[in-house]
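S.K.: Let's see this in three dimensions:
(2 chains)
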Amino acid sequence: MITLEHISKSFNIKKATVQALRDVSLRVNEGEIFGVIGSSGAGKSTLIRCINLLERPTAGKVFVDGKDLCSLSSRQLTLARRDIGMIFQHFNLLSSRTVYENVAFPLELNQTPKEGITKRVGELLALVGLTHKAQEYPARLSGGQKQRVAIARTLANRPKVLLCDEATSALDPETTMSILALLKDINRQFGITILLITHDMHVVKAICNRVAVLSEGQLIEEGQVKAVFDHPRTEITKRLLNPASIFESAFDSEDAPLDNEVEPIDALSGLIGKNATEKNGGEHV
Amino acid sequence: MSESMVHMLGGGLLETVLMTFLSGLIGFLLGLPVGVLLFLTRPGGIWAHRTAYQITSVVVNAFRSVPFIILIVWMIPFTRAVVGTSIGMFAALVPLSVGAAPFVARMVENSLLEVPHGLIEAARAMGATPIQIVWKVLLPEALPSLVNSASITLIALVGYSAMGGAVGAGGLGQIGYQYGYVGYDAAVMNTVLLLLVGLVFFIQWLGNTISRSVDHRK
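M.R.: Numbers count the residues shown, from 1 in each chain, chains lettered A, B, ... in the order given. Next up, the predicted model:
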């Protein structure tokens, strides 16, 4: 359903070139839920944004539902995007529109007649359990409710593919699970292919069929979730699966003299500092 | 104050209000599309286009740097060609509108820059055309801020219209000029002042009220 062939993407930021993706090839089959996991700055966001060409890859080809997206004119691409749903970490609902009007938005884009809109929005709000909030503005909703509205909105035009860009990263664990259950339900009920990116292995474990691990712009592992998680082949994957291990290695280092309290803390702050810079890099990307 | 004075002041107030709001309206009609163009063509924008942005930007800046009193005088031949005269309220509308438009354009550009980038991206991902993004996302989302820009513009125009009074634009500015500078009548002068202050307060209050009623961000 989604095929990426040798995708590379580099950005020019103030004369420096940042290579966000290096020769990434990926195939997501129809009807499956595919997860891409990686730490901050690994290029996950760039990868998912290359699929609907919010970012245009520097090299490589993108096929969604058999269409070579890079070859389309901007008008054709705009139309093609209507078959590719997308939800975001920060929901991106229009603050000037009510819940009802937000869900109606994509239907207005292709001039759906009014009765059609009313009917479809009604169905979608029922599906995500927010019929009673139809006339509220997004500012009055909780994070989980906002993401439900975003899901209803993105399903309005019956997309074949749904891209989830860290869709549960701004939510608490309980809400995360309820959103994941909704996504799984949508996948089963409508056969929508889902590609999600996350830094959270629990999300992958909960709903994905297959997973790929992204590190420094490269896919380093790929396979059935159980196979990859039970027998990780690389150090990076092991660390993603057990984030606490970096603390253990910092504290349990054999060389660390036990009578000196400064050393382990230094080691730890070194790691934290490294993560922080990676995170900043990630914002640019 | 005699009845004829009250009558004159009332007429002056009406003229000032008309000049302010009419030139504000025309200024917005001219400035809004230019502001949208600036936003769309700016580097990294939806229609990023260096040359278009720079040309528009230079024109806007050039008009903004001309002091208003100079703009009125400089535009007299044009005003005459459009309205048939360079004296009176309708003649004043021409330089007032032209003076307001570039101001409005920059205000609009700034208002649109406040719209969270994620919303534009979501609209693109949903397959919105650039025109649809402008009409259905940018302008509605920026509306509270645009209303605030409108009140700032109108308040600036109250000041501009009074300046126009010195060169025959009519309104409270002309009355203030005649009775305060050419001759001196403290009562008339102070009344003009109070009326102008009142008008500015009213515009600010109206702007705040409308802006609040269209703001659903919290």
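
S.K.: The lengthiest helix in chain B near chain A anywhere?
M.R.: Scanning chain B for the longest helix, with DSSP state H as the assignment, gives helix B:3-41. No. Using C-beta under 8 Å from any C-beta of the partner chain, helix B:3-41 stays clear of chain A, coming no nearer than 14.0 Å. Backbone N, C-alpha and C define where each C-beta goes, glycine included.

S.K.: quick one, what contacts the one residue sitting closest to the centre of chain A?
M.R.: Closest residue to the average C-alpha location of chain A: A:D165 at 2.4 Å, with C-alpha atoms, centre = their mean. Contact partners of A:D165, counting by C-beta atoms under 8 Å, 6 or more residues apart in numbering or on different chains, are A:S45, A:I48, A:R49, A:M86, A:I87, A:F88, A:Q89, A:I197.

S.K.: quick one, helices of the chain?
M.R.: Going with chain A. For chain A, applying DSSP H gives helices covering A:44-51, A:74-81, A:99-109, A:114-127, A:143-155, A:173-190, A:201-207, A:225-230, A:235-241, A:245-251, A:262-284.

S.K.: Chain B, not that one
M.R.: B:3-41, B:50-65, B:68-74, B:76-83, B:89-113, B:117-125, B:130-132, B:139-165, B:171-177, B:186-214.

S.K.: could I get these as JSON lines with distance to A:A104, mean pLDDT and mean neighbour count?
M.R.: Listed next are the helices of chain B as JSON lines, based on distance: least, C-beta to C-beta, whole Å; pLDDT from 0 to 100; neighbours: other C-beta atoms under 10 Å in any protein chain shown:
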{"stretch": "helix B:3-41", "distance to A:A104": "24", "mean pLDDT": "94", "mean neighbour count": "19"}
{"stretch": "helix B:50-65", "distance to A:A104": "33", "mean pLDDT": "94", "mean neighbour count": "14"}
{"stretch": "helix B:68-74", "distance to A:A104": "45", "mean pLDDT": "90", "mean neighbour count": "16"}
{"stretch": "helix B:76-83", "distance to A:A104": "44", "mean pLDDT": "92", "mean neighbour count": "14"}
{"stretch": "helix B:89-113", "distance to A:A104": "23", "mean pLDDT": "94", "mean neighbour count": "23"}
{"stretch": "helix B:117-125", "distance to A:A104": "14", "mean pLDDT": "95", "mean neighbour count": "20"}
{"stretch": "helix B:130-132", "distance to A:A104": "13", "mean pLDDT": "94", "mean neighbour count": "14"}
{"stretch": "helix B:139-165", "distance to A:A104": "13", "mean pLDDT": "94", "mean neighbour count": "21"}
{"stretch": "helix B:171-177", "distance to A:A104": "46", "mean pLDDT": "89", "mean neighbour count": "24"}
{"stretch": "helix B:186-214", "distance to A:A104": "19", "mean pLDDT": "94", "mean neighbour count": "15"}
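
S.K.: Let me see the contact set for the closest residue in space to B:D185 that isn't next to it in sequence.
M.R.: Among residues not flanking B:D185 along the chain, B:Y179 sits closest, at 4.4 Å (C-beta to C-beta, 6 or more residues apart in numbering or on different chains). By C-beta under 8 Å, 6+ apart, B:Y179 lies in contact with B:D185, B:V188, B:M189, B:V192.

S.K.: Chain A contacts on chain B?
M.R.: Checking chain B against chain A by C-beta under 8 Å from any C-beta, the hits are B:116, B:118-119, B:121-129, B:132, B:136-137, B:140-141, B:143, B:214, B:216-218.

S.K.: rewinding a little: next, the angle from the longest helix of chain B to helix B:139-165.
M.R.: 140 degrees (axes from the mean of the first three to the mean of the last three C-alpha atoms, to 10 degrees).

S.K.: picking that back up, closest to chain B out of the contacts of A:D165?
M.R.: Distances from chain B to the contacts of A:D165, taken as C-beta to the nearest C-beta, are shortest for A:M86 (4.2 Å).

S.K.: Relative to B:M126, how far out is that closest one?
M.R.: For A:M86, the distance to B:M126 (C-beta to C-beta, to the nearest Å) stands at 8 Å.

S.K.: Same question for B:Y179.
M.R.: From B:Y179 to B:M126 the distance is 61 Å (C-beta to C-beta).

S.K.: now B:F28
M.R.: 29 Å.

S.K.: is it true that B:A187 touches B:M1?
M.R.: Yes. B:A187 lies in contact with B:M1 (C-beta atoms under 8 Å); the separation is 5.5 Å.

S.K.: A:L47 is in contact with A:S25, correct?
M.R.: No. Using C-beta under 8 Å, A:S25 makes no contact with A:L47, being 11.4 Å away.

S.K.: Neighbour count for those two, which is higher?
M.R.: A:L47 (28 against 13; other C-beta atoms under 10 Å in any protein chain shown).

S.K.: residue contacts, the more buried one?
M.R.: A:L47 is in contact with A:L4, A:I7, A:L21, A:V24, A:V36, A:I197, A:L214, counting by C-beta under 8 Å, 6+ apart.

S.K.: Would you point out the most distant pair within these?
M.R.: The widest separation within the contacts of A:L47, taken as C-beta to C-beta, falls between A:I7 and A:I197 and amounts to 14.0 Å.

S.K.: Neighbour count: these two, which is higher?
M.R.: Each of A:I7 and A:I197 has its neighbours counted (other C-beta under 10 Å); A:I197 has more, 28 against 25.

S.K.: Tell me who's in contact with the closest residue to that one other than its chain neighbours.
M.R.: Leaving aside its sequence neighbours, A:I197 sits nearest to A:K44 (C-beta to C-beta, 6+ apart; 4.1 Å). Counting by C-beta under 8 Å, 6+ apart, A:K44 touches A:V36, A:I37, A:G38, A:E166, A:I197, A:T198, A:H199, A:L214.

S.K.: Return the member of those residues nearest to chain B.
M.R.: Nearest member of the contacts of A:K44 to chain B, counting by C-beta to the nearest C-beta, is A:E166, at 12.0 Å.

S.K.: Please tell me how far the closest one sits from A:Q189.
M.R.: Distance from A:E166 to A:Q189, by C-beta to C-beta: 24 Å.

S.K.: Comparing these two, which residue is more hemmed in?
M.R.: A:E166 (19 against 9).

S.K.: Go ahead and confirm that one touches A:Q89.
M.R.: Yes. In this structure A:E166 lies within contact range of A:Q89 using C-beta under 8 Å: 3.9 Å.
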